[in-house]
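In: compute the structure for the input listed below.
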Amino acid sequence: MININFKENKGFRLLHIYERLVKGECLNKENLASSFNVTTKSIQRDIDDLRTYLAESYCNDVESCIKYNKQKGGYYLVKFERDWFTKDEALAISKILLESRAFNKKELKILLDKFAGQVAPADKNNFSKFIRNEEHHYIQLQHGKNIIKILWELSEYIAKMKKIMFDYERKDGVKKNHQVKPVAVMFSEFYFYLIAFMVDETKKGVTVFRVDRISNLIELKDSFKMETKNRFEEGEFRKRVQFMYSGELQKVKFKYSGPSLEAILDRLPTAEIKESKAGYSIIEAEAYGSGIFMWLKSQGDMVELLER
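Out: Model (predicted):
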C-alpha cells in the first residue's frame, strides 16, 4: 500500500480548494496555508492554477472566475447567474416538489438538500426558511417506499428497449408476475407509473403499472422493436388519460354548467367546445379508459354525460 500525505499533495489541495469555492465559501489564503502546512505563495499558485483552468474551460468571457473580497479577506468563486437557481426559481420548483408528495421523507430531504446546494449562496438562508415549515409537516404517501433508484432503472430499460420482468401487487393485494416491453415512465396524481406493452400480447394497447407496487425487477435477455406507426407518444397519451386508467381510446360528449370552463379545458387537453350558451357548454373530448368517467362523476350536478 502506498502512503500519501494528502496535506502535502498539490492535487489534493487543488481539489479541496475548488470544492469549497463551488460550495460558495470565501477562503482566506493564510488559513489555507496553515491548514496544509505550506507557504501562502503555494496557496497563491494553487489559486492561480484554478483561475487558469476555469478561464480556459468555462469563463472565456470574463477576466477571472475567482475573485478577491477585500472586506472578507478571502477568495470566492464567481458563478454566472445562469449556473445558479435564482431564489424565485428555487422556491417555485421546491413548492411543486413538496406538493407532489411523490417521494418519501428520506428521499425528499435528499432532493431538497441537494437542490438548496445549487441556489446562489446569498439566497440559501432565505430559501431554507421558505420551505422549512412545509418540509417539517410533510406527510409521505402510505407506501413509504424509495422510488428514485427504480425510476432510473426503468428509464434505462426503456432507452435500451429491453424486455423486463417483475412482480406486481395490485390494489387488492394480489401479486402477479409480468413480462413487459417498457415504453415510458410518467407521473400523475401523487404516483409514478410505468407504461408498457405486455410481452405475450394478451392485452391490446398499453398497460399501466404503479411503480411503487413493482418488486423483483429483472432485465430479460431479449430486446424489442417498435414500428414508427406504433411508437408510444407520452405527450399524446397524457392528453387523453385520467387517473392513469388505460383502455381503448374513446370520445365522450358532455354538458358542463359549472363556473369555470377554463378548469375543464385545463383538465382535459383534448376537449373541444362544440356549443356554448348562457349557463352551459357542450364539450367533446378524447380519453383512454374509464378514468374520464370517474372524473366527470366527481363534478356532480355540473356535468351531464351525453354520449360515450
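In: would you mind pulling the contact partners of the helix or strand harbouring K176?
Out: For K176, the enclosing helix or strand under DSSP states H and E is strand 175-188. Under the contact criterion C-beta atoms under 8 Å, 6 or more residues apart in numbering, strand 175-188 has outside partners 100, 102, 151, 154-155, 157-158, 161-170, 192-200, 206-207, 209, 211, 220, 224, 226, 232, 234, 237-238, 241, 243-244. Glycine gets a C-beta too; all of them are placed from N, C-alpha and C.
In: tell me which entries of those lie within strands.
Out: Filtering the contacts of strand 175-188 for membership in strands, criterion DSSP state E, returns 162-169, 192-198, 207, 209, 220.
In: which of these count as buried?
Out: Among the ones in strands among the contacts of strand 175-188, those buried by neighbour count (16 or more other C-beta atoms under 10 Å) are 162-164, 166, 168, 192-197, 207, 209.
In: widest-spaced pair of those residues?
Out: Based on C-beta to C-beta, the longest span within these runs between K163 and F192 and measures 20.1 Å.
In: so what's the residue count around the closest residue to F130 other than its chain neighbours?
Out: Nearest residue to F130 in three dimensions, chain neighbours excluded: L91, at 5.6 Å (C-beta to C-beta, 6 or more residues apart in numbering). Per other C-beta atoms under 10 Å, the neighbour tally for L91 reads 17.
In: which strands or helices does the host helix or strand of L91 pack on?
Out: Counting by DSSP H and E, the secondary-structure element that holds L91 is helix 87-100. For helix 87-100, the packing partners by 3 or more C-beta pairs under 8 Å, 6 or more residues apart in numbering; DSSP states H and E come out as helix 105-116, helix 124-136.
In: for the ones you listed, which has the smallest mean pLDDT value?
Out: Taking each of those in turn, the lowest mean pLDDT turns up on helix 124-136, with a mean of 85.
In: that older thread, let's see the pLDDT reported for the residue nearest to F130.
Out: L91 carries a pLDDT value of 85.
In: roughly how far does it sit from H136?
Out: When distances are taken as C-beta to C-beta, to the nearest Å, L91 and H136 turn out to be 17 Å apart.
In: same question, F103
Out: Following C-beta to C-beta, the distance that separates F103 from H136 is 16 Å.
In: more neighbours: these two, which one.
Out: F103 (22 against 7).
In: pLDDT weak spots in the stretch 101-250 of the chain?
Out: When residues are selected by pLDDT under 70, those of the stretch 101-250 of the chain lie in 120-122, 227-235, 237-244, 246.
In: what does stretch 247-257 contact?
Out: Outside stretch 247-257, the residues within contact range by C-beta under 8 Å, 6+ apart are 204-205, 240, 264, 274, 279-290, 292-293, 296, 299, 301-308.
In: now for E156: which residues touch it?
Out: Applying C-beta under 8 Å, 6+ apart to E156 gives no contacts.
In: report the contact partners of D200.
Out: Residues in contact with D200 (C-beta under 8 Å, 6+ apart) are Q179.
In: disregarding flanking residues, what is the spatial nearest neighbour of L98?
Out: Across the structure, with C-beta to C-beta, 6+ apart as the measure, the residue nearest L98 apart from its sequence neighbours is E134 (5.0 Å).
In: do a quick rundown of the helices in the stretch 1-150 of the chain.
Out: Counting by DSSP state H, counting those that start in this stretch, residue ranges of the helices within the stretch 1-150 of the chain are 10-22, 29-36, 40-57, 87-100, 105-116, 124-136, 148-160.
In: other SSEs contacting the second one?
Out: Looking back up the chat, that one is helix 29-36. Contacts of helix 29-36 with other secondary structure elements, assessed using 3+ C-beta pairs under 8 Å, 6+ apart, are made with helix 10-22, helix 40-57.
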